[in-house]
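Enquirer: Mind looking at a prediction? Sequence and model below.
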Amino acid sequence: MTKESLNKYTMKITQANAGELLVIVYDIIIEDLQSAKEEMAAGDTQEFSYAVRHGQRFLLELMNTLDHRYEISNELMSLYIYVNREMINAMIRNDASLLDNALMVLSKLREAFATLAKDDDSPALMSNVTQVYAGLTYGKGSLNELSVEDTNRGFKA
């Protein structure tokens with residue numbers, strides 16, 4: 001994951017509610033697997049394995065946060081186990097094409113959760129963060145973001 005992607009996700013996470021955060025986790029895993037495929041195409045097996053393992057950490061987070069009181073959680077767990085198995089096989093065989101099925105499953109799940117997240121009007125999970133506004137200023141050929149610092153951030157004495 002590039003530093004630019006990391007900054008993008010950091011900003012998104014600070015502003016996200018529960019539904020949006022789930023979609024962000026899917027975005028990170030998908031980006032990691034696509035990056036792994038690019039690394040393998042470039043012949044860098046070490047970076048390929050690193051990108052897949054990074055995606056696995058986020059997949060493990062999805063697995064650990066399932067609420068098994070609901071039947072759908074068991075179905076999701078089965079899909080996550082399948083995706084994890086495909087990721088492991090890709091690393092063992094150094095074959096990026098084995099990630100295609102995992103990407104397909106993750107993309108469909110991401111699409112479904114993105115649709116649900118549109119209806120989630122709950123507040124952001126993180127409070128007391130810097131508010132970011134996009135579109136207020138423009139640079140040469142790019143959109144600049146402006147953050148407005150709240151003077152009431154941090155610990156209160």
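Expert: Cool, the structure landed.
Enquirer: where does the protein have its least confident helix or strand?
Expert: Within the chain, no helix or strand scores below strand 131-139, which has a mean of 53 by mean pLDDT, DSSP states H and E.
Enquirer: what about the closest residue in space to Asp119 that isn't next to it in sequence, neighbour count?
Expert: Setting aside the residues directly before and after it, Asp119 is nearest to Gly19 in space (Cβ to Cβ, 6 or more residues apart in numbering), at 7.8 Å. C-beta coordinates here come from the backbone N, C-alpha and C atoms, glycine included. Other residues within reach of Gly19, judged by other Cβ atoms under 10 Å, total 18.
Enquirer: Same check on the one 10 residues further on?
Expert: One way to gauge burial is a neighbour count; for Ile29, by other Cβ under 10 Å, it gives 25.
Enquirer: who touches it in this structure?
Expert: The contact partners of Ile29, taken as Cβ atoms under 8 Å, 6 or more residues apart in numbering, are Gly55, Phe58, Leu59, Leu62, Leu106.
Enquirer: quick one: buried residues of the strand or helix carrying the first one?
Expert: Spelled out, it's Gly55. Assigned by DSSP states H and E, Gly55 belongs to helix 45-64. By neighbour count on 16 or more other Cβ atoms under 10 Å, the buried set for helix 45-64 is Phe48, Ser49, Tyr50, Ala51, Val52, His54, Gly55, Gln56, Phe58, Leu59, Leu62, Met63.
Enquirer: and stretch 41-54, C-alpha only, in PDB?
Expert: This file holds the C-alpha atoms of stretch 41-54, laid out as PDB (Å, rounded to 0.1, in the frame of the first residue of the first chain):
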ATOM      1  CA  ALA A  41       3.600  -9.200 -12.800                       C
ATOM      2  CA  ALA A  42       6.800  -7.200 -12.100                       C
ATOM      3  CA  GLY A  43       8.500 -10.300 -10.800                       C
ATOM      4  CA  ASP A  44       8.800  -9.200  -7.200                       C
ATOM      5  CA  THR A  45       7.600 -12.300  -5.200                       C
ATOM      6  CA  GLN A  46       8.600 -10.800  -1.900                       C
ATOM      7  CA  GLU A  47       6.400  -7.800  -2.300                       C
ATOM      8  CA  PHE A  48       3.700 -10.100  -3.700                       C
ATOM      9  CA  SER A  49       3.700 -12.100  -0.400                       C
ATOM     10  CA  TYR A  50       3.800  -8.900   1.700                       C
ATOM     11  CA  ALA A  51       0.700  -7.400  -0.100                       C
ATOM     12  CA  VAL A  52      -1.200 -10.700   0.300                       C
ATOM     13  CA  ARG A  53      -0.300 -11.000   4.000                       C
ATOM     14  CA  HIS A  54      -1.400  -7.400   4.500                       C
END
